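Peer 1: generate a structure from the sequence data that follows.
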Amino acid sequence: MTEDSDSISEEERSLFRPFTRESLAAIERRIADAEAKQRELEKKRAEGE
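Peer 2: Okay, here's the model as predicted:
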């Protein structure tokens with residue numbers, strides 16, 4: 001990878017970016033959705049056996 005193709009500088013990559021309430025809520029929502037989807041898939045598999 002060349003420097004030109006790397007759009008994020010090393011300094012920008014190493015900056016600490018704290019979560020905002022909104023970003024944390026969005027992450028938690030995605031995790032909850034993924035867990036619900038996994039439970040639903042496991043339920044369907046159990047019913048199919």
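
Peer 1: all contacts plus neighbour counts: C-alpha atoms, from now on.
Peer 2: Noted.

Peer 1: which stretches of this structure form helices?
Peer 2: 10-14, 21-48 (DSSP state H).

Peer 1: for E28, what are its contacts?
Peer 2: Contact analysis of E28 by C-alpha atoms under 8 Å, 6 or more residues apart in numbering lists nothing.

Peer 1: what distance do you get for it to E35?
Peer 2: Taking C-alpha to C-alpha, to the nearest Å as the measure, E28 falls 10 Å from E35.

Peer 1: got CSV for the helices of the chain, with mean pLDDT too?
Peer 2: Formatted as CSV, the helices of the chain follow (pLDDT from 0 to 100):
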stretch, mean pLDDT
helix 10-14, 72
helix 21-48, 95
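
Peer 1: I'd like to know how many residues surround I27.
Peer 2: By the measure other C-alpha atoms under 10 Å, the count of residues near I27 is 13.

Peer 1: pick the most buried one from the helices of the chain.
Peer 2: helix 21-48 (a mean of 11; mean count of other C-alpha atoms under 10 Å).

Peer 1: got a list of what the most centrally placed residue in the chain touches?
Peer 2: The residue lying closest to the centre of the chain (C-alpha atoms, centre = their mean) is I27, at 6.2 Å. Applying C-alpha under 8 Å, 6+ apart to I27 gives no contacts.

Peer 1: so how far is D33 from it?
Peer 2: 10 Å.
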